[in-house]
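Participant: model the following, please.
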Amino acid sequence: MAKKKESTFFNMFLALVVISVTAATALAYVNSITEKPIAYAQKQKQTDALKAVLPSFESVEEKNIAVGADTLKAHYAYKNNELVGVAVESFTNKGFSGRIDLMVGFLANGNICNTQVLQHKETPGLGSKMLESPFKDQFVGKNPSTFKLSVKKDGGNVDAITAATISSRAFCDAAQRAYDAFSGNTDGTSGATTTSEEPASKNTITNLEGKSNSTLPDGTSSATPKGNPGKEVKKTDAAFGTTTETNAKAVPSKAVDATSGATTNEGGVK
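Facilitator: You can find the predicted model right below:
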């Protein structure tokens with residue numbers, strides 16, 4: 001009769017090692033089999049989304065654009081070597097159940113061609129209605145420069161989904177971030193306008209024609225104002241390195257002595 005093997009610490013350790021190695025090998029094998037199909041499925045999902053949010057195109061060029069502290073991917077679609085639209089992959093973490101991934105397609109004139117939710121965890125029958133009409137249809141053909149991407153309760157132009165205001169706000173937030181990347185407002189502040197005299201880099205959009213026609217963030221124009229020559233003042237925007245020049249002319253100002261009523265001249269800057 002065979003002698004029964006004693007249960008020792010070494011035997012238990014050896015058994016656990018064998019089981020772990022076997023399980024790891026099996027998982028690695030399964031991963032090697034499924035890796036390519038998963039990558040293909042993700043690529044196909046992205047292609048389908050591009051076709052859904054853009055007009056007909058022949059080729060696509062991808063660029064990464066920094067918006068605030070995040071980086072969004074933009075797809076520039078071309079047909080007959082002409083830009084027909086830009087699709088921006090955006091996201092927000094303000095959803096009722098967390099992150100929402102959204103792709104927004106823009107035409108060359110800035111109008112929204114269409115939107116496509118790529119991923120979400122919103123409540124079925126409530127927040128999930130952002131994928132359906134009539135909510136998603138109200139963005140089509142709208143230009144965010146005049147159509148405010150926020151719900152009407154917050155002063156915007158978007159009709160929120162009934163009983164799903166949080167999801168509606170999150171959708172608008174992701175759409176606004178996409179427009180910020182498209183329009184070149186890369187400081188991440190909705191509605192802010194930036195400008196730069198430098199040509200757009202590979203990862204930055206000024207506008208679709210590569211021109212900058214906007215104003216500085218403080219509302220001043222980047223152009224030098226007309227007037228008589230005087231002291232030259234240079235102002236540098238710390239965020240964008242933009243320098244503006246203005247002509248300041250020293251002119252006298254009048255001060256009245258409250259006691260005697262006499263008038264004196266003091267140097268001032270107009």
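
Participant: how close does Gln44 get to Glu61?
Facilitator: Per Cβ to Cβ, to the nearest Å, Gln44 is found 19 Å from Glu61. Every C-beta, even on glycine, is put in place using the N, C-alpha and C of the backbone.

Participant: check Gly141 too.
Facilitator: Going from Gly141 to Glu61 by Cβ to Cβ gives 25 Å.

Participant: dump the residue contacts of Ala174.
Facilitator: Counting by Cβ atoms under 8 Å, 6 or more residues apart in numbering, Ala174 makes contact with 90-92, 100-102, 104.

Participant: could you list which of the residues you listed belong to strands?
Facilitator: In strands, defined here by DSSP state E, the members of the contacts of Ala174 are 90-92, 100-102, 104.

Participant: surely Thr115 meets Ala175?
Facilitator: Yes: shown here, Thr115 and Ala175 form a contact pair, counting by Cβ atoms under 8 Å, at 6.7 Å.

Participant: between these two, which contacts overlap?
Facilitator: 102, 104, 139.

Participant: may I see the residues you listed arranged in TSV, with neighbour count, distance to Val18 and pLDDT as well?
Facilitator: Formatted as TSV, those follow (neighbours: other Cβ atoms under 10 Å; distance: Cβ to Cβ, whole Å; pLDDT from 0 to 100):
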residue	neighbour count	distance to Val18	pLDDT
Leu102	26	48	95
Val104	26	52	96
Phe139	21	58	96
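
Participant: okay, the residues you listed in a markdown table with distance to Pro124 next?
Facilitator: Shown next, in a markdown table, are these (distance: Cβ to Cβ, whole Å):
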| residue | distance to Pro124 |
| --- | --- |
| Leu102 | 18 |
| Val104 | 23 |
| Phe139 | 22 |
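
Participant: from the contacts of Ala174, which is closest to Val53?
Facilitator: Val53 has its nearest neighbour among the contacts of Ala174 in Val104, at 6.6 Å by Cβ to Cβ.

Participant: list the contacts of the closest one.
Facilitator: 53, 87-88, 90, 112, 115, 139, 174-175, 178-179, 182.

Participant: give me the below-cutoff pLDDT ranges for the stretch 151-270 of the chain.
Facilitator: 185-270 (pLDDT under 70).

Participant: likewise the stretch 1-150 of the chain?
Facilitator: 1-7.

Participant: show me where it has its strands.
Facilitator: Along the stretch 1-150 of the chain, counting by DSSP state E, counting those that start in this stretch, strands occupy 59-67, 70-79, 82-95, 98-107, 112-119.

Participant: the shortest one packs against which elements?
Facilitator: Using 3 or more Cβ pairs under 8 Å, 6 or more residues apart in numbering; DSSP states H and E, the elements in contact with strand 112-119 are helix 9-53, strand 98-107, helix 165-183.

Participant: apply 7 Å and report the result again.
Facilitator: For strand 112-119, the elements it packs on are helix 9-53, strand 98-107, judged by 3 or more Cβ pairs under 7 Å, 6 or more residues apart in numbering; DSSP states H and E.

Participant: so for Asn81, which of these sits nearest?
Facilitator: The nearest among the helices and strands packed on strand 112-119, by Cβ to Cβ, is strand 98-107 at 17.2 Å.

Participant: in the closest one, what's buried?
Facilitator: Neighbour counts using 16 or more other Cβ atoms under 10 Å place 100-107 of strand 98-107 among the buried residues.

Participant: and the nearest residue to Glu61 once chain neighbours are set aside, what does it touch?
Facilitator: The shortest distance from Glu61 to any non-neighbouring residue, by Cβ to Cβ, 6 or more residues apart in numbering, is to Tyr76 (4.5 Å). By Cβ atoms under 7 Å, 6 or more residues apart in numbering, the residues touching Tyr76 are 60-61, 63, 83, 86.

Participant: from those, which two are the most distant?
Facilitator: Farthest-apart pair in these is Lys63 and Leu83; separation 12.3 Å (Cβ to Cβ).
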